[in-house]
Structures are given as structure tokens and as C-alpha cells.
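*Asks:* What would the 3D arrangement of this be:
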Amino acid sequence: MKKLSILLVVFLVSLTSCSEDSSPVEINGDIVGTWKMVDYDYSGKTTTTFQGQTIIADFVGEAFDMEYKLIFGESPNNLTSQGSFKLKLTTTIQGQTSVENAQINDFLTTGSWEIVEGELITDTEAGGRGTMKIVKLTGTELVLSVIQEEDLSQAGATIVSQISAIISLERE
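*Replies:* Below is the predicted model:
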């Protein structure tokens, strides 16, 4: 259950985080419409320090059985998600690897969006305010990138998570 909670936090962070990637942006289309997720991959590392002990967890997440859509409306710029997908999370801690699958349903729910200087800024009920870099936006393809470092420290433990994610969508 703890791994599933971490999995959901990582997914939420990747969809609502600041992007620091400096790759060139290709914007040649309009985001308004329905976009189906065709690929979602992320990787990262979480370093936990508690009572003088440090544990590093490396993780890789890959989406499959994707029936997930993001719908961008205009006037007002509303955002809605529909559907679900499964996520395979592979985690390695101190040389031990575990694999866990999770079902993700209607994750972002509803909210608003705007594009500012090549970044997609969202504000949703489930995820709060977040920023993703638009790597590519054409008439048929939307690719978003997130590179994030999060401090999740609590209860005397220092927990720092570094995440890199790419989300690919196709216009429906």
C-alpha cells in the first residue's frame, strides 16, 4: 500500500510540477480539443534520510492499457480528464527490485489551463497548480515534459524526490 501511495504521489507530481528542461519547443498547433495518451514514461530517484540512515530508491514508471484522455476547452479554458490507464512501477532499493502495477482512474478531474511562453500551466481540483514544458504541439501530437525535484520531508525524515517524465498524446 505504501508503494501505491508513492506511485500516486509521483504521478501527481509529474503532472503538476515545474519543468526545467531547456530543449527547443515546437508549437505549430492549437491545444483545444481531445487528446488521448499514447505514452507516459517517467524515471527518478528518491533519497530518504532518517535517524542517520540514507536509503536511495530508483524508480521507472511506464503506462500501459491507456484509455486516458485530456480535453482542453476554450472560452473559458477548461481542462477535463476521462478514462484510465495502468502504470507499471519498477523500484530498486539497496539492490532489491520490485515491480508493481496500479490502475489510475480520472486523475486530474477538472480545472483550467493556459499556455505561457511554451509551458502548459494547469490548475485542477485534484492536482493544484502545475507547469509542464510543451516539447511539441502540432495539429495531431502533444508532448509534455516535466523535470522536478520535490522535498516531501515529514515526521523527522528528509525525503527528496527527483523526477523526469515525458507524456505523449495524440489528437482524437
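
*Asks:* List the buried residues in the lengthiest strand in the chain.
*Replies:* Assignment by DSSP state E gives strand 53-72 as the longest strand of the chain. Neighbour-count burial for strand 53-72, with 16 or more other CB atoms under 10 Å as criterion, is recorded at 57, 59, 61, 63, 66, 68-70, 72. Using the backbone N, CA and C atoms, a C-beta is placed for each residue, glycine as well.

*Asks:* and what of stretch 150-158?
*Replies:* Glu150.

*Asks:* Run the chain-centre distance for that stretch.
*Replies:* Stretch 150-158 sits 20 Å away from the centroid of its parent chain (CA atoms, centre = their mean, to the nearest Å).

*Asks:* One more: stretch 112-130?
*Replies:* Stretch 112-130 sits 12 Å away from the centroid of its parent chain (CA atoms, centre = their mean).

*Asks:* And stretch 62-70, by the same measure?
*Replies:* Relative to the chain's own centre, stretch 62-70 is displaced by 12 Å; criterion: CA atoms, centre = their mean.

*Asks:* got the CA coordinates for that stretch in CSV?
*Replies:* Extracted C-alpha coordinates of stretch 62-70, given in CSV (Å, rounded to 0.1, in the frame of the first residue of the first chain):
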residue,chain,number,x,y,z
GLU,A,62,5.6,3.0,-17.7
ALA,A,63,1.9,3.4,-18.7
PHE,A,64,0.0,0.6,-20.5
ASP,A,65,-3.6,-0.2,-21.3
MET,A,66,-4.1,3.5,-21.9
GLU,A,67,-7.7,4.7,-22.3
TYR,A,68,-6.9,8.1,-20.8
LYS,A,69,-7.9,11.5,-22.4
LEU,A,70,-7.3,15.1,-21.6
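
*Asks:* who's in contact with it?
*Replies:* For stretch 62-70, the external contacting residues (CB atoms under 8 Å, 6 or more residues apart in numbering) are 34-41, 79-88, 104, 107-108, 169, 172.

*Asks:* Are any of the residues you listed buried, and if so which?
*Replies:* 35-37, 40, 79-81, 85, 87, 104, 107-108, 169.

*Asks:* which one of the buried residues of strand 53-72 sits closest to Asn28?
*Replies:* Taking CB to CB as the measure, Asn28 lies nearest Phe72 of the buried residues of strand 53-72, at 16.1 Å.
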